[in-house]
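>>> Could you look at this predicted model? Sequence included:
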Amino acid sequence: MEKIIDPVSVDLIKAELTPDKKLMNTNHGDNEIYIVTWHDSPNTVTEIGRLREIAFRTAGGSTGLAFDLDEFDKMEKPYRQLIVWDPQAEAILGGYRYILGPDVTFYEDGQPKLASSHQFRFSEAFIRDYLPHVVELGRSFVSPEYQSSKSGAKSIYALDNLWDGIASVAYQHPNIQYFFGKMTMYPSLDKVARDLILHFLWKHFGDKEELVRPVSPLMPESDARLMDIILRKDDMKEDYRLLKEAVRLRNSSIPPLVNSYMTTSPTMLMFGTALNEGMSDIEDTAILICFDEMYADKKDRHIETFRRYKFERIRARFPLVDPEMEARMADKWETRRSILRDRFLKVLKNRKK
């Protein structure tokens, strides 16, 4: 393990977090969300790499390098970095990196140049029909000091703050219909608990079209018949309750990010699990979530936060904007998204005939 680099100067980071890079204020916790890249904010991205390495080492999986940055963070069209900034502590609370489907380039073999391409193989159908409408999310982290309850509301709402940002990115790009990402489970997780989680995911969210598959699949090792006895409900929510009870009996728990994804959408697709050898053999499960099919209370809460912030900025520039005008603008955004969604579904349906 290399020694982790020293913290980047707060003054350097603050100088890069300019108003034009601010996405919004968070729904809870009085934090702010920014979007930066290596090219426009190298000091901030270096600090992100340092914090990612610390967070992943703490959880039991990391690169082992002095900081966690790779080619996808620094390439010509790099992944964008979405971060939650705590203005009181002047510190990065957590973050994601992401790339929009239309910005994705390709390797010589036709596979998309994604951070997950070394673990997963993408079908022609996925590349043709889904990728142009996908945002790939990855390298999610919460800084260790915000993983403790001692941080109060800042800690409690860490994942919620990240979802504020994720939902807002999709809302800003009406052609983006899906989140593609990976749920990570660490080697320290009880193996039986891990197997039950994977069995649950295959049962209720398994992809039957083989849109995406692991290059080297990692399958549950426990007896499927015994797991069927434990997870015996057809209803997903009832089975989820049984899963939590069974995992708790193993003196374990469902990892927070896995839990967050599983409770986001009833139509989530799960593509399988693969080892990530470059990250200390953590186990990554690929998933796809349709933005418009997220549970309404979760989606609407995060979108309303973004709308409120955007309208505050609009009113600051144009004081004559009234609630009626705001309502018309919101309707226009929703209509645009609905038209593109209907068009996408029509094309998808015709291709599946």
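Received the coordinates, thanks. Numbers count the residues shown, from 1 in each chain.

>>> Spatially central residue in the chain, please.
By Cα atoms, centre = their mean, the chain has its centre lying nearest to residue 137, at 4.4 Å.

>>> Might one say that residue 91 is in contact with residue 154?
No. Residue 91 is beyond contact range of residue 154, at 9.6 Å (criterion: Cβ atoms under 8 Å). Backbone N, C-alpha and C define where each C-beta goes, glycine included.

>>> With neighbour numbers in mind, choose between the two.
residue 154 (24 against 18; other Cβ atoms under 10 Å).

>>> residues in contact with that one?
Taking Cβ atoms under 8 Å, 6 or more residues apart in numbering, we find residue 154 in contact with 29, 31, 86, 89, 93, 146.

>>> Enumerate the positions of the helix or strand hosting it that are buried.
Using DSSP states H and E, residue 154 sits in helix 153-156. Neighbour-count burial for helix 153-156, with 16 or more other Cβ atoms under 10 Å as criterion, is recorded at 154, 155.

>>> Show me what the helix or strand where residue 338 lies is packed against.
For residue 338, the element it lies in under DSSP H and E is helix 323-352. With contacts taken as 3 or more Cβ pairs under 8 Å, 6 or more residues apart in numbering; DSSP states H and E, helix 323-352 sits against helix 296-317.

>>> what's the pLDDT at residue 297?
Note on residue 297: pLDDT of 85.

>>> So which residues of the stretch 51-200 of the chain form helices?
71-74, 124-125, 153-156, 158-172, 191-205 (DSSP state H, counting those that start in this stretch).

>>> Present these as CSV; the columns should include mean pLDDT.
As requested, these are arranged in CSV below (pLDDT from 0 to 100):
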stretch, mean pLDDT
helix 71-74, 96
helix 124-125, 96
helix 153-156, 72
helix 158-172, 89
helix 191-205, 96
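
>>> Let me know which of these is tucked in deepest.
Compared across these, helix 158-172 shows the largest average neighbour count, a mean of 23 (mean count of other Cβ atoms under 10 Å).

>>> Also compute the angle for it relative to helix 296-317, please.
For helix 158-172 against helix 296-317, the angle by axes from the mean of the first three to the mean of the last three Cα atoms, to 10 degrees is 70 degrees.

>>> So what touches helix 158-172?
By Cβ under 8 Å, 6+ apart, helix 158-172 touches 23-24, 26-29, 31, 33, 35, 82, 84, 93-96, 98, 135, 137, 140, 142, 146-147, 176, 179, 256-257, 260, 291, 294, 298-299, 302-303, 305-306, 333, 337.

>>> pull the CA atoms of the helix holding residue 154 into CSV?
Extracted as CSV, the C-alpha positions of helix 153-156 are listed here (Å, rounded to 0.1, in the frame of the first residue of the first chain):
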residue,chain,number,x,y,z
ALA,A,153,-27.4,15.6,9.9
LYS,A,154,-24.4,15.8,7.6
SER,A,155,-23.9,12.1,8.0
ILE,A,156,-27.6,11.1,8.1
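
>>> Pull the distance from stretch 115-126 to the chain's centre.
17 Å (Cα atoms, centre = their mean, to the nearest Å).

>>> where does the stretch 101-250 of the chain dip in pLDDT?
Scanning the stretch 101-250 of the chain for pLDDT under 70 picks out 149-153.

>>> in it, which spans are strands?
120-122, 134-142, 178-185, 212-214 (DSSP state E, counting those that start in this stretch).

>>> Could I get the buried residue list for the first one?
Read that as strand 120-122. Buried, per 16+ other Cβ under 10 Å, within strand 120-122: 120, 122.

>>> Parallel or antiparallel, list what pairs with that strand.
strand 212-214 (antiparallel) (DSSP bridges).

>>> What lies in contact with the strand it pairs with?
119, 120, 121, 122, 123, 126, 271, 272, 273, 274, 286, 288.

>>> Let me know whether the third one touches residue 215 as I believe.
Which is residue 121. Yes. Counting by Cβ under 8 Å, residue 121 does reach residue 215; the two are 5.7 Å apart.
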